[in-house]
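J.: Return a 3D structure for these sequence lines:
(chains A and B)
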2 protein chains.
Amino acid sequence: MSFETLWADQSAIGRNPETGGYTRGGWTPTEREATAWFLDQCTRRDLKVESDGIGNLVAWWGPADQPGVVTGSHLDSVIDGGAFDGPLGVVSALAAVDQLRRDGFTPRVPIGVGAFVEEEGSRFGMPCLGSRVAAGVLPADKALALTDRQGVTLSAALEAAGVDPAGVGPSPLLERMGTFVELHVEQGRGLTAPVGVASSIWPHGRYRFTFEGEANHAGTTLMEDRHDPMLTYAMTALAANKQARLAGARATFGRLSIEPNGTNAVPSRVIAWLDARAADDATLESLLEAITRQAVERAERDGTTVAVVPESVSPIVDFPAGLRDRLVGVLDGAPVLPTGAGHDAGVFSAAGIPTAMLFVRNPTGISHSPAEFAEEDDCLAGVEALAAVLKDLAQ
Amino acid sequence: MSFETLWADQSAIGRNPETGGYTRGGWTPTEREATAWFLDQCTRRDLKVESDGIGNLVAWWGPADQPGVVTGSHLDSVIDGGAFDGPLGVVSALAAVDQLRRDGFTPRVPIGVGAFVEEEGSRFGMPCLGSRVAAGVLPADKALALTDRQGVTLSAALEAAGVDPAGVGPSPLLERMGTFVELHVEQGRGLTAPVGVASSIWPHGRYRFTFEGEANHAGTTLMEDRHDPMLTYAMTALAANKQARLAGARATFGRLSIEPNGTNAVPSRVIAWLDARAADDATLESLLEAITRQAVERAERDGTTVAVVPESVSPIVDFPAGLRDRLVGVLDGAPVLPTGAGHDAGVFSAAGIPTAMLFVRNPTGISHSPAEFAEEDDCLAGVEALAAVLKDLAQ
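T.: Residues are numbered from 1 along each chain as shown, chains lettered A, B, ... in the order given. Presented below is the predicted three-dimensional model:
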């Protein structure tokens, strides 16, 4: 089947007609529909699907019972995200298999097409949930106790989806993952060729800032009598932006929870999540320190308090140079670039699996938005590149 | 019945055991329970209850079919509010009637005890909803179309509570409201005596600020490529605080709605509600202008947009000097002070009903918070003062 047909088919699933975006949190109806579509495509291709306890999937082509080359990505999305982030890697993997078969290629080592669950962490707040559990870096009990915004635990969500939570844990799928290659749309404007190869993933931290003050009447409380945590938060958001610019890094406050969140009440509490990334671990650490210091100083002025709790911190992932250079060779000197985005590839690489990533050009650099986009020609170049890489690794 | 017993009885209804606060939005179960309690108290006292289409209540004592002196307040609350704001006025009204009866007083003009619905506007976003509809300043069709945060219209909420929305409109209750006196806990630290008399209510505006930018990936989007409406909002929140201090006024951003509100996404939209109040209309207007100007300037820098829509603006209410002075005389020279808080008394006064307010001292000035408090002795002095005022006006 052509990439174009596969792409049109898949990207119709769960598109919000108002925004053009997708909200496919893990184990939600739209994500389940996309997964069902994937399983159907595997059946049509006579690929042998293996699943693990949390629901990661690898569909195999070629000789059984030996480690192989796995490629793929994820089908879940951020809230109102774009069409490409995740699905492009899965659809390109299927299309690359189709192309290799059309070319009459017979793999000497198996080729697996993978789809990993809840990569964005948009439902349970933990990015790369499926791969972290599979790799054993997130213990099953901690994973199962995670809750979504409605207070539903992962354990309950799995049960509701007909999955037994008792099976969640390190995944046998990884034992057959000899090499992992993830194709992904680039998420900045760093790639000017159609296809590139990843050098590293920036270190990435998510930190929960809890600002606490005193609820009070918005009309009667003198400004000087207030302990308003919203002000401490507001200054911290501006400080994060400034410090990230100074450090050549990234810092974002995109999610808040406010109590009581009433128009005529000074809030008692503002919880704000900081997403911070930098080119190396030391820069990330000093960025967090600078933001925290400014938050604490402002809290002293406002008569409020601030507590900072890291929710997840991923150190830098340097993809192995040998595999990377091999891909660059196959692709006639494709450009090499780092990324600020986290990926299952980073988790698998950190777990010791030889891992590489291919990027497809993003002309606007827009990502995690309905406006996320890649040209069709670049997507086709991505399939071509992935097929060449799989052929090289599986021959 | 003693004030203490009435107070203990009423304040047990809907108290959140975790925070000690109350969340009694209009037509919610806890607010309905408080209303049922009030109706039961009226029955026990053989007061004749009259209701209007939206559910405002006045319970009469004394000669029927002529205008009377109405006293009372509201039973709804802000989200996680205190025990006193509203209920103190209703409970004190019942206790004052009890005291006048114990004293053998016979009113020559009727005395009414009132409870007015959704004064805080915490559910439908419109403060003094019941009194505004009753006074005809908020048309029934606009009121019925208001929605709560779950998207439920007032019309649907009334139907769910067994009230026919067709009856909503200007209230016959006001025709019998010859004079209105509202007793209320003071909401700042402006009153140092146990009881005071209101001079005016500050003008008050609620404005919806909609900041729009571009959703994007928090990890990959260069800081300089972003159009992040959160930054524009954060600067605006700090500007509002500063401008209010400079103007001796009040400005609060206590409520936000963020899209998509995800940790790893630059937001596309931040909606923030500004509550602003000042000693006079001109100061309020120039305060809003200054905040809006700074928001617009920052939006230009951030590549975002900001739109400001007034949701409700109430001009200053100067209570009539004659009635005010009469109360001061009855109360042996009680102090006179303005308030920054809105009240049904302000709506009734603006509608031409001779209106006054009594305040009970608030030692901490904390309001709209579970920590809101008044000393029992001051509450008893409030009942005493209210009884004296009613006696004077109804004899």
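
J.: biggest helix in chain A by residues?
T.: Secondary structure assigned by DSSP state H gives helix A:281-302 as the longest helix of chain A.

J.: Check what contacts that one and list those residues.
T.: The contact list for helix A:281-302 (C-beta atoms under 8 Å, 6 or more residues apart in numbering or on different chains) reads A:202-205, A:207, A:209, A:211, A:213, A:226-229, A:231-232, A:235-236, A:239-240, A:243-244, A:247-249, A:251, A:274, A:276-278, A:305-306, A:308, A:315-316. All C-beta atoms are positioned from the backbone trio N, CA, C, and that covers glycine.

J.: Grab the CA positions of that helix and hand them over as PDB.
T.: Taking C-alpha atoms only, helix A:281-302 is exported to PDB below (Å, rounded to 0.1, in the frame of the first residue of the first chain):
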ATOM      1  CA  ASP A 281      23.000  18.100  31.900                       C
ATOM      2  CA  ALA A 282      25.000  20.900  33.600                       C
ATOM      3  CA  THR A 283      23.100  23.600  31.700                       C
ATOM      4  CA  LEU A 284      19.800  22.100  32.600                       C
ATOM      5  CA  GLU A 285      20.700  21.900  36.200                       C
ATOM      6  CA  SER A 286      21.900  25.500  36.400                       C
ATOM      7  CA  LEU A 287      18.800  26.600  34.500                       C
ATOM      8  CA  LEU A 288      16.500  25.000  37.100                       C
ATOM      9  CA  GLU A 289      18.600  26.600  39.900                       C
ATOM     10  CA  ALA A 290      18.400  30.000  38.400                       C
ATOM     11  CA  ILE A 291      14.600  29.800  37.900                       C
ATOM     12  CA  THR A 292      14.100  28.300  41.400                       C
ATOM     13  CA  ARG A 293      16.200  31.000  43.000                       C
ATOM     14  CA  GLN A 294      14.200  33.800  41.400                       C
ATOM     15  CA  ALA A 295      10.900  32.100  42.400                       C
ATOM     16  CA  VAL A 296      12.100  31.800  46.000                       C
ATOM     17  CA  GLU A 297      13.200  35.400  46.100                       C
ATOM     18  CA  ARG A 298       9.900  36.600  44.800                       C
ATOM     19  CA  ALA A 299       8.000  34.400  47.200                       C
ATOM     20  CA  GLU A 300       9.800  36.100  50.100                       C
ATOM     21  CA  ARG A 301       8.600  39.500  48.700                       C
ATOM     22  CA  ASP A 302       5.000  38.200  48.200                       C
END
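
J.: could you pull out the strands for the stretch 1-150 of chain A?
T.: Using DSSP state E, counting those that start in this stretch, the strands found in the stretch 1-150 of chain A span residues A:48-51, A:57-61, A:68-73, A:111-115.

J.: Could you tell me which strands sit next to the last one in the sheet, and their orientation?
T.: The sheet places strand A:111-115 alongside strand A:57-61 (antiparallel), strand A:68-73 (parallel), with pairing taken from DSSP bridges.

J.: Kindly report the same for the first one.
T.: Pairing partners of strand A:48-51, with direction, according to DSSP bridges: strand A:57-61 (antiparallel).

J.: May I see the buried residues of the strand it pairs with?
T.: Buried residues in strand A:57-61, counting neighbours by 16 or more other C-beta atoms under 10 Å in any protein chain shown, are found at A:57-61.

J.: Stretch A:29-48 too?
T.: Going by neighbour count (16+ other C-beta under 10 Å), the buried part of stretch A:29-48 is A:30-32, A:34-35, A:37-39, A:41-42, A:47.

J.: Among these, name the ones in helices.
T.: Filtering these for membership in helices, criterion DSSP H, returns A:30-32, A:34-35, A:37-39, A:41-42.

J.: among these, which two are most distant?
T.: For those, the maximum inter-member distance is 19.2 Å, found between A:30 and A:42 (C-beta to C-beta).

J.: Chain B contacts on the stretch 251-395 of chain A?
T.: If contact is defined as C-beta under 8 Å from any C-beta of the partner chain, the residues of the stretch 251-395 of chain A in contact with chain B are A:251-256, A:258-268, A:273, A:275, A:277, A:339-342, A:365-371.

J.: Mind checking the pLDDT average for stretch A:113-132?
T.: This predicted structure assigns stretch A:113-132 an average pLDDT of 95.

J.: hey, C-alpha coordinates of that stretch in CSV?
T.: C-alpha atoms of stretch A:113-132 as CSV (Å, rounded to 0.1, in the frame of the first residue of the first chain):
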residue,chain,number,x,y,z
VAL,A,113,7.3,-2.6,13.3
GLY,A,114,6.6,-1.1,16.7
ALA,A,115,3.9,1.1,18.3
PHE,A,116,4.6,2.1,21.9
VAL,A,117,1.9,3.4,24.3
GLU,A,118,1.5,6.8,26.0
GLU,A,119,4.8,8.3,24.6
GLU,A,120,3.6,11.9,25.1
GLY,A,121,2.5,11.4,28.7
SER,A,122,-0.5,13.6,28.0
ARG,A,123,-2.9,11.5,30.0
PHE,A,124,-0.8,10.2,32.9
GLY,A,125,1.8,13.0,33.1
MET,A,126,4.8,10.6,32.4
PRO,A,127,6.4,10.9,29.0
CYS,A,128,7.5,7.6,27.4
LEU,A,129,5.4,5.7,29.8
GLY,A,130,5.2,2.5,27.7
SER,A,131,8.9,2.4,26.9
ARG,A,132,10.0,3.3,30.5
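
J.: what separates it from the chain centre, distance-wise?
T.: Shown here is stretch A:113-132, whose average C-alpha point lies 7 Å from the average C-alpha point of the whole chain (C-alpha atoms, centre = their mean, to the nearest Å).

J.: What's the separation between the closest residue to residue A:343 other than its chain neighbours and chain B?
T.: Beyond its immediate neighbours in the sequence, the residue positioned closest to residue A:343 (C-beta to C-beta, 6 or more residues apart in numbering or on different chains) is residue A:182, lying 5.9 Å away. Taken as C-beta to the nearest C-beta, to the nearest Å, the spacing of residue A:182 relative to chain B amounts to 15 Å.

J.: Residue A:182 contacts residue A:342, doesn't it?
T.: No. Taking C-beta atoms under 8 Å as the contact criterion, residue A:182 and residue A:342 are not neighbours in contact, 11.5 Å apart.

J.: With neighbour numbers in mind, choose between the two.
T.: residue A:182 (30 against 25; other C-beta atoms under 10 Å in any protein chain shown).

J.: phi, psi of that one?
T.: Its backbone dihedrals place residue A:182 at phi -110, psi 120, with angles given as degrees, to the nearest 10.

J.: Who are the contact partners of it?
T.: Residues touching residue A:182, when contacts are defined by C-beta under 8 Å, 6+ apart, comprise A:71-73, A:89, A:343-345, A:355-358.

J.: what's the pLDDT at residue A:242?
T.: Here the pLDDT value assigned to residue A:242 is 98.

J.: where does it fall, helix, sheet strand or coil?
T.: Following DSSP: H, G, I helix; E, B strand; the rest coil, residue A:242 is assigned to helix.

J.: what's the neighbour count on it?
T.: Other residues within reach of residue A:242, judged by other C-beta under 10 Å, total 16.

J.: One more: the one 3 residues further on?
T.: A count of neighbours around residue A:245, defined by other C-beta under 10 Å, yields 14.

J.: Then residue A:11?
T.: Residue A:11 is surrounded by 17 other residues when neighbours are defined as other C-beta under 10 Å.

J.: Now do the contacts for the spatially closest residue to residue A:217 that is not a sequence neighbour.
T.: The shortest distance from residue A:217 to any non-neighbouring residue, by C-beta to C-beta, 6+ apart, is to residue B:367 (3.5 Å). With contacts defined as C-beta under 8 Å, 6+ apart, residue B:367 is in contact with A:216-217, A:220-221, B:82, B:85, B:185, B:187-188, B:341.
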